[in-house]
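> have a look; sequence and predicted model below, questions after that.
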Amino acid sequence: MIAQGQARLLDILDYWHKVEFFLPYALEKYVEDFKEWETRWLSQEDLQQSKDSRWRNFSIPDDLQVKGFNLYIGVFDASVIATLCEPHLAALSVDENTFYEEQERVELEGLTCFAKIKLNAQAVPQLDAVSLSTAPWALGQTVSKGLGALGHQAFEDAKEQLIKLLHNFHGQRQQNDDPALMAEEVMHLHQLLCNWASFTPEQNNGTAVALLQVLTQPKVEKPLTQPSAAQAPEVEDEEEPDTEIDILNSFFIKDIERAIASLQRAEQPLPLLQYLGEADPSKRIDLYTDHGRTAIYQALQPQCINPGHWPDEPGHAMSLMQQFAINTALGTLENSGMFSVNGPPGTGKTTLLRDMFAENIVRRARVLAGYSEAADAFVGGKKPQVTFKGMPNIYTIRALKPELTGYEMVVASSNNAAVENISRDLPKRKSLGKCWNNVQYLQPVAHKIAAQKSDGSISPLSDEDKPWGLICAALGNSSNRKALQERLFFNPVDTTEPNPPLTIRQWVDDYKGPTFKEACAAFKKADEEVSKALEERARYASLLEEMAATDEPAFLHPQQQSFNQAEQTRASAQQALDRQQQQLQATAQHLSSLQELERLIDRSRPVWWKRLFNTQAARTHRDEQLENARLQRLAHEEINRAKSLLNNSLKPELESAQTALLFCKSELDARKAQWQGKCQCLDDFASRLGRPNLPGQLSELENSDFQINGLWHDAALNRLRSTVFAAALTLHEAWLAEVAPSGSNGKGFSANLAAISLLLSNKTPEDERLTQVLWQSLFMVIPVVSSTFASFGNQFRGLGAGSLGWLYIDEAGQAVPQAAVGALWRAQRAMVVGDPLQIEPVFTLPQRLVKTLGQLSAHTANDAFAPNRVSVQSLADQNNRYGSVFKNDTDEELWIGSPLRVHRRCIEPMFSLSNQIAYGNKMVFGLPNAHAEQDAPVYSSSCWVDIPGNVEHKQVVPRQIEFMVDLLGQLYLRDGELPQLYVISPFKAVRLALQKAIRAAAWARPNHRPKLPAGELKQWLKASIGTVHTFQGKEQDTVFMLLGADPEHAGAAQWAASKPNLLNVALTRAKRRVYLVGDFDLWGSLRYFDAVSRGKFPLQRMGPAAFLAKLNALEEQA
């Protein structure tokens, strides 16, 4: 890459790095999930008055004991970031929409802090494990030196300075008799950090300067019965302390720094380069054009279909664009790169990813099946030895051969629900077709992981929720990794029931399946069968395409034309020969006549004396003789010439023409036989495989039938493809069972498992190069793992550029662009899936600050990489060759990646409304029924509950809040439980007001209704009521959209209606019913909402009383 191009990439990364500096740590939100007794806010007065340990005394439950503390020091309000940066920001005109955009999207509020310091159970500070927020330092630099002073190196220098200050502090307190941290030392640390950052927050009386959190554990530890306690590593709740200062407020700074350093070393991981690269519109193929449809048709030919297929119902077909995305991604990403898929809600993104997973597992099984012995999978020679920081054990492990690597699969997202939906749902039995109940992969191990609780007991699982296999695991944060480690390796289940949950080592010891060689043979057989089936269908497709392009006359035309021409040539040769023979005969007759004339002339010869005296008669006779002789001589010459022409030219030409005619006739006959053979072959294919539904013209691909059912899917083929996937899993099981036993029975992989256990418990190999070997080993056991972007860098610390085979980014439209840097940097191949027309990423910082930071480089000044304007999805789309042009709300043309179009979530009217306002009516309805019967919890069709009113605070309309509280209360009283529904609002203020009103409501409870537990209500409020961001990636049968606002404050409503995103999210969360609650006249006239009020698919307008009356009447009927 030329220097200018590299400078551009580095400037983009540096821009995001600077942006991350200012993100405050959300301390106040972090504390929300803790019990009241677990935390204590400490003011300056509290600390000054505390001369002993009372400042850190907590009233904890009797069954718990103190394990340690987290001290969050330097507490201040995050809103000060905007205030202090204000003088340094570029001027920016702010219209009303921008104002409300910042109000709702920007979350620069609440308490934050400078740093987190760990204390052990005796309150001794662990100063080598300090987590630091960059925001205070960035504020200090900005105020004193300006935004231009910010930079990676400047911060590294500052960190070194802080390390020295902390070392000095540590040295000074070594003289203390009591090593526990004293209250006055907290203030000392606070002042140290303020001085270091050149920023001291304003403190009012009683304002907290620190927060202390107590960490607890049960007084009686549960025993680890297998493996032995000596084998079980001690697992901590948080990451292993590092001598480096950790970053508290940004999940992405370190990975951005790693990517910068990598590019400076001329390492060029292709997914990251494509992600940051300049788009080339000339190479794009718009899939909604004829050129695009040609590409789709070619990509969906049988030879392009992936052999590995998820064990779904064989009759279920991939939609046209699902299969196009799979086929094209597998082809495009053969070696490396990035491919993006635009997947609106309900279009089968998970279904698509399942087949990608299945195909990769089959491909790796094909490598395994090429080995004679299971141990051939390992690199020969000296075996690596891995040790872990702070651990004495040495593990002699086995490294996989390179051809077995590159199949590692990671699903990543900013959305916790998105990654957990995939990693927790795919192992469940309900994710398989009913005819695949016999498919399993490490099933007893998967059962243990899914069912075991933190106390070691097993939760009962329904048949649908019981896992069929350990296909994937939810990792990411430390607690998830710890849970997997404990359930995978430790805490065996004590039961005598058949088919009990097992640890991985128990499974290996108990394995009774096929041997590695038997599993290889079975896989090869299944692989051969599916290959033959695909090859057969490829021939069928080729023949159909050939036959469709012609008919018998056209097919025979070249040979028929040659035959006709040969026949004409032979006829012409025959005619020339005949003419010459006729002419020869005529000349011979003429010669004969001359010869007869010669005899007559001789008989009329004059007497001798006339000849002697040369009389007139004698002269005449002699002249006649001479003339006759001349004419005969000419006739002889002509005859000789004619015979020569016949023998040397015309007869050979005729023979040649006859030979050519015979050849052309044989060619024509052969061609006719070939046509008849093709017709017969086509009939044979049709009798065996059926007649596929193919478009007569490419424009027919737009028809819903082709969009829903795709091309070249049939149940028999799907069954074979799923069979080879099942055989691939069995082969992986057999391989693991042969290489993983302990001692002499194994092939050395047992040590890999032991080391993986330590890796999952947050231990770090001392030789970081071996980290990749251990992760590759884990992926041989668990093919797919998940992580949020926030945990990605920590989870995969130690892995470098291109170290992971496959990265799948889900819900990419809701991720800020810098979130994916570390994941893309580590990936060889990336598939980015999302929908930019869902809700945009939440971003914390004000627009002016983001804009000003962008203006520090010409490469970022145009907002093309601004985190408040673009997402991971939109950046990935820009460099995808395959996609379509979409017009946004300002009619600006945007390029979106390969689109999915068949929607299978929402019935009417949600589908058509969403399709109209957000997707240009390009979506195709894919459910069997467009309408549904009335069903709980709300027995009423979708409608608009018209409740005008004046706002009381921001966008909060009390009448609307009262209606929702009344409705929810009635549903609770009727059913005895909180209803399964969502209440979504565009505004945070409305959400908070409704939650507060529900908590305060004194719901009447008849005697047979139990009092609602406070904890249950809290959980329900968190899960069921929120802004659109709360419900991204989720779905529910019933959704209420609580609008708020009034005509006097219409600007908020106009902002919410300025883009389709907010309304689109609400509509597409609702599978069966959607209810808008708000001022019909105000909202119904606004863009996008007018489609709901008076478009092609309007919602019925109802008053609140009529709605509740109808609701009660319908309930009585139900």
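Arrived safely, thanks for sending.
> all strands for the stretch 751-900 of the chain, in order.
For the stretch 751-900 of the chain, the strands defined by DSSP state E, counting those that start in this stretch occupy 784-788, 804-809, 827-834, 882-887, 893-899.
> output the below-cut-off pLDDT ranges for the stretch 851-1000 of the chain.
Along the stretch 851-1000 of the chain, the parts satisfying pLDDT under 70 run over 888-891, 934-936.
> report the contact partners of Ile422.
With CB atoms under 8 Å, 6 or more residues apart in numbering as the criterion, the residues that contact Ile422 are 350, 353, 411, 472, 784, 786, 810. C-beta here means a position set from N, CA and C on the backbone, and glycine is covered the same way.
> please tell me how far it sits from Thr569.
When CB to CB, to the nearest Å is applied, the distance between Ile422 and Thr569 equals 71 Å.
> circling back to that earlier point, so which of the strands of the stretch 751-900 of the chain is nearest Arg603?
strand 882-887 (103.6 Å; CB to CB).
> could I get the contacts of Ile422 as CSV with neighbour count, distance to Asp33 and pLDDT?
Output for those, formatted as CSV (neighbours: other CB atoms under 10 Å; distance: CB to CB, whole Å; pLDDT from 0 to 100):
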residue, neighbour count, distance to Asp33, pLDDT
Thr350, 18, 28, 92
Leu353, 23, 30, 96
Val411, 29, 24, 97
Cys472, 23, 26, 96
Val784, 25, 28, 98
Ser786, 28, 21, 96
Asp810, 27, 24, 94
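> what's the closest of the residues you listed to Asn70?
Within the contacts of Ile422, the smallest distance to Asn70 is 26.4 Å, found for Ser786 (CB to CB).
> just to revisit the earlier point, between the contacts of Ile422, which is closest to Val530?
Minimum distance to Val530 across the contacts of Ile422 is 20.5 Å, recorded for Leu353 (CB to CB).
> what's the closest non-adjacent residue to the closest one?
Nearest-residue entry for Leu353: Tyr808, 5.7 Å, with adjacent residues in sequence omitted and distances by CB to CB, 6 or more residues apart in numbering.
> surely that neighbour and Glu408 touch.
No: taking CB atoms under 8 Å as the contact criterion, Tyr808 and Glu408 are not neighbours in contact, 11.3 Å apart.
> more neighbours, the two?
Here Tyr808 and Glu408 are set side by side on neighbour count (other CB atoms under 10 Å), and the busier one is Tyr808, at 28 against 25.
> run through the residues that contact that one.
Contacts here follow CB under 8 Å, 6+ apart; on that basis Tyr808 touches 353, 356, 409-412, 830-831, 833.
> for it, report the pLDDT, please.
We note a pLDDT of 98 for Tyr808 in this prediction.
> likewise Glu359?
On the pLDDT scale, Glu359 is placed at 98.
> you'd agree it is in a strand?
No: with DSSP: H, G, I helix; E, B strand; the rest coil as the criterion, Glu359 is located in helix rather than a strand.
> how about the contacts made by it?
Contacts of Glu359 were listed using CB under 8 Å, 6+ apart, and they are 306-309, 326, 330.
> go on, Leu597?
Residues near Leu597 by CB under 8 Å, 6+ apart: Asn628.
> what about it, distance to Asp623?
When CB to CB is the yardstick, Leu597 and Asp623 sit 13 Å from each other.
> what of Lys382?
On the measure of CB to CB, Lys382 and Asp623 end up 121 Å apart.
> okay, these two: which has more neighbours?
The residue with more neighbours, out of Lys382 and Asp623 and counting by other CB under 10 Å, is Asp623; that gives 11 against 7.
> so which strand or helix has that one?
helix 616-645 (DSSP states H and E).
> residue ranges in the stretch 201-350 of the chain under the pLDDT threshold?
Low-confidence regions of the stretch 201-350 of the chain, defined by pLDDT under 70, span residues 205, 220-244.
> could you rerun that using 80?
203-206, 220-245 (pLDDT under 80).
> over to the stretch 1001-1118 of the chain?
Scanning the stretch 1001-1118 of the chain with the threshold set as pLDDT under 80 gives 1002-1015, 1029, 1032-1033, 1110-1118.
> let's see that with 90 instead.
Flagging of the stretch 1001-1118 of the chain using pLDDT under 90 yields the residue ranges 1001-1019, 1022, 1028-1035, 1049, 1058-1059, 1061, 1095-1097, 1108-1118.
> ranges for the helices of it?
Listed in chain order, the helices of the stretch 1001-1118 of the chain (DSSP state H, counting those that start in this stretch) span 1014-1024, 1050-1056, 1061-1069, 1080-1083, 1089-1094, 1104-1117.
> A helix includes Ala586, no?
Yes: the secondary structure assignment for Ala586 places it in a helix, going by three-state DSSP.
> tell me the one among the contacts of Glu359 nearest to Arg293.
The shortest distance between Arg293 and any of these, using CB to CB, involves Ile326 and amounts to 17.7 Å.
> please, which helix or strand holds the closest one?
Ile326 is part of helix 320-332 when elements are defined by DSSP H and E.
> okay then, goodbye and thanks.
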